[in-house]
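1. No sequence on hand, only this structure:
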């Protein structure tokens, strides 16, 4: 095994990090320099609602508008996919981790894009690209899969477990949504973060009760 895997997870430990991330990188780079390919993959809600371009509910996550947009997403997704696979494997085993993780990835790409499509269905000029929905959804999932996992924060002393950190992140995302004239798709990020959180409860039902219990120490 190459020495690099002494630091990074191996393909067996994080299979989707080594399949999906390279696909996103390759497609995005092609899209930077060959615009017909870019336009073929981007999300156009107006056309989707009229029976066209349904494939873009997924493919729009494979292309990005800039290098910074791409690099931030792929670094985060690489790490979060490792976390996703490992969390499910810990609870249900390897075979379940393969199946459930790919289903969760599809949900976190397609469902937020359906949300965007509904909101922007009558806006002919609106288009969207990028995997930010997947990124925020994976964050929500990772925080709440084991809500009682011990965590600490140097900026909020009350944060002791993952569920409390999840709440702090949600508050930050909501506050950022009030920043004026921002080009960031804030509604999508909030929706995806909450969707990932709900999926964590669906995959591991005891997490919901643990989530509720995690706040008892604060309110008692």
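-> The structure has been received and is ready for your questions. None of the values given here were measured: they were computed from a predicted structure. Numbers count the residues shown, from 1 in each chain.

2. just for the protein, where's the confidence low?
-> Filtered on pLDDT under 70, the chain yields the residue ranges 1-6, 152-158, 180-185, 217-220.

3. Show the contacting residues for residue 89.
-> 96, 97 (C-beta atoms under 8 Å, 6 or more residues apart in numbering). All C-beta atoms are positioned from the backbone trio N, CA, C, and that covers glycine.

4. Give the next helix or strand downstream of the host helix or strand of it.
-> Using DSSP states H and E, residue 89 sits in helix 67-92. Next helix or strand after helix 67-92 toward the C-terminus (DSSP H and E): helix 94-119.

5. and the angle from whichever helix or strand comes after that next one to helix 94-119?
-> Next helix or strand after helix 94-119 toward the C-terminus (DSSP H and E): helix 132-145. For helix 132-145 against helix 94-119, the angle by axes from the mean of the first three to the mean of the last three C-alpha atoms, to 10 degrees is 130 degrees.

6. what angle separates helix 132-145 from helix 67-92?
-> Using the same axes, to 10 degrees, helix 132-145 lies at 30 degrees relative to helix 67-92.

7. ok, the residue nearest to residue 147 when sequence neighbours are not counted - contacts?
-> Closest residue in space to residue 147, ignoring its immediate chain neighbours: residue 163 at 3.6 Å, by C-beta to C-beta, 6 or more residues apart in numbering. Residues in contact with residue 163 (C-beta under 8 Å, 6+ apart) are 143, 144, 147, 148, 210, 211, 214, 215.

8. repeat that for 10 Å
-> Residues in contact with residue 163, defined by C-beta atoms under 10 Å, 6 or more residues apart in numbering, are 143-144, 146-149, 151, 197, 207, 210-215.

9. what two of the residues you listed are the furthest from one another?
-> 151 and 212 (17.3 Å; C-beta to C-beta).

10. what about the two, which has more around it?
-> residue 151 (14 against 11; other C-beta atoms under 10 Å).

11. Surely the more buried one is in contact with residue 167?
-> No: Residue 151 is beyond contact range of residue 167, at 11.7 Å (criterion: C-beta atoms under 10 Å).

12. list the residues that contact both of these two?
-> 143, 159.

13. re earlier: which among the contacts of residue 163 end up buried?
-> 143, 144, 146, 147, 148, 149, 197, 207, 210, 211, 214 (16 or more other C-beta atoms under 10 Å).

14. Give me the nearest residue to the third one, chain neighbours excluded.
-> In space, and not counting its chain neighbours, residue 146 is closest to residue 162: 6.2 Å by C-beta to C-beta, 6+ apart.

15. Check the first one too.
-> Across the structure, with C-beta to C-beta, 6+ apart as the measure, the residue nearest residue 143 apart from its sequence neighbours is residue 166 (3.7 Å).

16. how close does the one you found sit to residue 35?
-> To residue 35, residue 166 is 39 Å away according to C-beta to C-beta, to the nearest Å.

17. out of those two, which sits in the busier spot?
-> Under the neighbour definition other C-beta under 10 Å, residue 166 and residue 35 were set side by side, and residue 166 has more, 24 against 9.
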